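[1] everything below, folded, please.
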Amino acid sequence: MNRSSVTPVSPEPHPAAVRRPSWADTLRAYLEPASLRMFALGFSAGLPLLLVLGTLSFRLREAGLDRTTIGYLSWVGLAYGFKWVWSPLVDRLPIPLLTRAMGRRRSWLLLSQLAIMGALAGMAFADPRSHLDTVVWCALAVAFASATQDIALDAYRIESADAAHQGALAATYQTGYRLAMIWAGAGVLWLAARAEVAPVAQAAAAVAEAVKPAPGALYQNGAWTTAYLVMAASMLVGVVTVLFSREPAQVELPPSRNAGEWFKGAFVEPFADFLKRYGTHAVLILALIGVYRISDVVMGIMANPFYVDMGYTKDEVAAVTKVYGVIMTLVGAFVGGALSLRLGVMRVLMLGAILSAASNLLFAWLAGHGHDVTALIAVVSADNLSAGVASAAFIAYLSSLTNVSYSATQYALFSSMMLLAPKWLAGYSGAFVDAYDYPTFFTATAFLGLPVLVLIWLATRISSAPAFPAKS
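    Here you go, the predicted structure:
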């Protein structure tokens, strides 16, 4: 590539060189209609993820599946890592009748949300002990539809506000997203526990016989059917929000005279634009994106099997993650968004990476500590705080890299890069735990975060947080 054709990347201005917004201005940004709308849509985006990953792993472990199989089944989540393949279609292709009535972004949002609801209902009725293949196919459908929703929603968010408000939108989106993950993680466990038939009597009988129940012996699929149907109904939050929202102003797409021009505009130009704007820096940026969340993603697949194996009940896990997890997630998302506005994204990216790796070491300590609800509260709280800070800053960073002319395709590329390598590696997490143990596994995932710190340091020196492309 000719270096003279590359647009120089301006370094992030020093905080002292620009006027910082007041705390009152920062707080008002969170209460604007666009921010509140993004909170609801963030809930819709966050709901499906755990239902095909973390929560599903809890359900499968309780049903008696071995950890190695559970780890391999987490590759269902690779659908999120390949969404860039069909993102140009979501960016450019109209849906017959629906796009004309609702607009490009809202039509794809609604279609994907309805598909998620249907596939979750399929997962609800399938018993993994006898129909594991049905569970897997429905989970794949949920993941594909959820990834499609992410593509449309990321474009919708980027096109809904200017650069100054992207931090607030990212924070409210992340808050809704994390609340949905709590609901799809802790909430579904609480619902399944409430729907069980005489679980106390079954557990008491096992204790009386002083025999550990066989894997899957206490599993009740009817309870999980109820829980997953409630999750499917919870997607109505996003459906209603889409129906009552307005389509954002969009960049007019040039008309295509033939299929070749359409393919070039949809598939080639978005990626060529990114390479042209960042040149050789693009390699560093993509490397940072590809590994930033690796510690969290690889560790997360085995978190729920870990809770089951440590003897924590559904109610204990649900109560801890629902109460303390929600509080610390809200604090983390708010702190991450606010600090990104005041101090700059790159500084908060570094902080989030450090906290994420450190929280994995706490899980290693918990594995050796034994069954202790108080200790679980402390570890889950720290983990959710660090995840909230890291995610809010990371979303703002990804948004800053995106050209609004290709918002859906470019953001899909970035968010796919974020998940592809971590989710592939996470597929081997169950085999790793079976071969070694939980403390070794959690410690190893913490050390996976060390290259992230180096990449952030290099990105800060070379490109820092690029200016967000101006809205037309």
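[2] now residue 193, nearest residue through space, not along the chain?
    What sits nearest to residue 193 in space, not counting adjacent residues and going by Cβ to Cβ, 6 or more residues apart in numbering, is residue 314, at 4.0 Å. Glycine gets a C-beta too; all of them are placed from N, C-alpha and C.
[3] just the mean pLDDT for the particular helix or strand that has residue 99 in it, thanks.
    Using DSSP states H and E, residue 99 sits in helix 98-102. In this model, helix 98-102 carries a mean pLDDT of 86.
[4] list the helices and strands that helix packs on?
    helix 104-125 (3 or more Cβ pairs under 8 Å, 6 or more residues apart in numbering; DSSP states H and E).
[5] any idea how far the helix it packs on is from the chain center?
    Taking Cα atoms, centre = their mean, to the nearest Å, one finds helix 104-125 lying 17 Å from the centre of the chain it belongs to.
[6] please point out which parts of that helix sit buried.
    104-113, 115-117, 119-125 (16 or more other Cβ atoms under 10 Å).
[7] what helices and strands are in contact with that helix?
    Applying 3+ Cβ pairs under 8 Å, 6+ apart, we find helix 104-125 packed against helix 33-51, helix 98-102, helix 132-158, helix 221-234, helix 236-243.
[8] try it again with 10 Å
    Applying 3 or more Cβ pairs under 10 Å, 6 or more residues apart in numbering; DSSP states H and E, one finds that helix 104-125 contacts helix 33-51, helix 87-92, helix 98-102, helix 132-158, helix 221-234, helix 236-243, helix 407-426.
[9] related to what we said a few turns ago, please identify the buried residues of the helix holding residue 99?
    Buried-residue list, helix 98-102, by 16+ other Cβ under 10 Å: 99, 102.
[10] what's that helix in contact with?
    Here helix 98-102 makes contact (Cβ atoms under 10 Å, 6 or more residues apart in numbering) with 93-95, 104-111, 242-243, 245, 247.
[11] quick one: which of the residues you listed is nearest to residue 459?
    residue 105 (29.7 Å; Cβ to Cβ).
[12] residue 397 versus that closest one, what's the distance?
    22 Å (Cβ to Cβ, to the nearest Å).
[13] output the lowest mean pLDDT helix or strand found in this protein.
    Within the chain, no helix or strand scores below helix 199-208, which has a mean of 49 by mean pLDDT, DSSP states H and E.
[14] show me the shaky parts of this protein.
    1-32, 161-168, 198-217, 249-259, 262-263, 265-267, 322, 404, 406-408, 462-472 (pLDDT under 70).
[15] tally of neighbours for residue 92?
    By the measure other Cβ atoms under 10 Å, the count of residues near residue 92 is 19.
[16] just checking, it touches residue 151?
    No. Counting by Cβ atoms under 10 Å, residue 92 does not reach residue 151; the two are 11.5 Å apart.
[17] quick revisit: the helices and strands packed on helix 104-125 into JSON lines, with extra columns for distance to residue 347?
    Below are the helices and strands packed on helix 104-125 laid out as JSON lines (distance: least, Cβ to Cβ, whole Å):
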{"stretch": "helix 33-51", "distance to residue 347": "22"}
{"stretch": "helix 87-92", "distance to residue 347": "30"}
{"stretch": "helix 98-102", "distance to residue 347": "39"}
{"stretch": "helix 132-158", "distance to residue 347": "22"}
{"stretch": "helix 221-234", "distance to residue 347": "36"}
{"stretch": "helix 236-243", "distance to residue 347": "32"}
{"stretch": "helix 407-426", "distance to residue 347": "20"}
